[in-house]
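> using only what follows, build the 3D model:
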Amino acid sequence: MQASMMYMGNWIYEGSVSELVPKGVQITMKDAIALSYQRWSIQENRGTRPDLYIEFELQQQEQKQEKQKQEKQEKQINIHRTLPFRIAARL
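This is a model prediction of the structure:
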């Protein structure tokens, strides 16, 4: 499989930019899946780059924790906004 590179916000095949195809030839989903499977398959626990999968997994965990933290903060803000209304409703 050819090497890829980021060009104008898209992953394209290296050397595919020409006058006929000024944006380059984009990588297909089939090629992307094949490449990811070659790098590391979690189900079969084999591949050439387990370190890439570990790095990806850590990034996903960090993003999930950050999202949970933001949601928790939003819930706390909403509780404080509605508390005066709840007190007023009881009176």
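> could you use CA atoms for every contact and neighbour count after this?
Will do.
> what secondary structure does the residue sitting nearest the centre point of the chain sit in?
Against the mean C-alpha coordinate of the chain, by CA atoms, centre = their mean, the closest residue is Q60 at 7.2 Å. On the three-state scheme (DSSP: H, G, I helix; E, B strand; the rest coil), Q60 is labelled helix.
> got a list of what it touches?
Residues near Q60 by CA atoms under 8 Å, 6 or more residues apart in numbering: none.
> next one, pLDDT for it please.
Note on Q60: pLDDT of 89.
> roughly how far apart are it and P84?
38 Å (CA to CA, to the nearest Å).
> which residues of this structure fall in helices?
Residue ranges of the helices in the chain, as given by DSSP state H, are 29-39, 50-90.
> how about the first one: buried residues?
Buried residues in helix 29-39, defined by neighbour count with 16 or more other CA atoms under 10 Å: R39.
> orientation of it relative to helix 50-90 in degrees?
Between helix 29-39 and helix 50-90, the angle comes out at 110 degrees (axes from the mean of the first three to the mean of the last three CA atoms, to 10 degrees).
> low-confidence ranges, the chain, go.
1-2, 76-82, 91 (pLDDT under 70).
> switch to 90 and redo it
For the chain, the stretches flagged by pLDDT under 90 are 1-16, 24, 26-57, 60, 69-91.
> which residues are in contact with R49?
Applying CA under 8 Å, 6+ apart, the residues near R49 are R39, W40.
> run the last query once more with 10 Å
S36, Q38, R39, W40, S41 (CA atoms under 10 Å, 6 or more residues apart in numbering).
> likewise for E57?
D51, Q63.
> how near is it to E71?
Distance from E57 to E71, by CA to CA: 21 Å.
> need the contact partners of stretch 30-46.
1-2, 11, 28-29, 47-54.
> give me the phi and psi for V25.
phi -90, psi 120 (degrees, to the nearest 10).
> for it, give its distance to Y37.
Using CA to CA, V25 is found at 21 Å from Y37.
> how far away is G9 from K23?
The value you get for G9 to K23, if CA to CA is used, is 10 Å.
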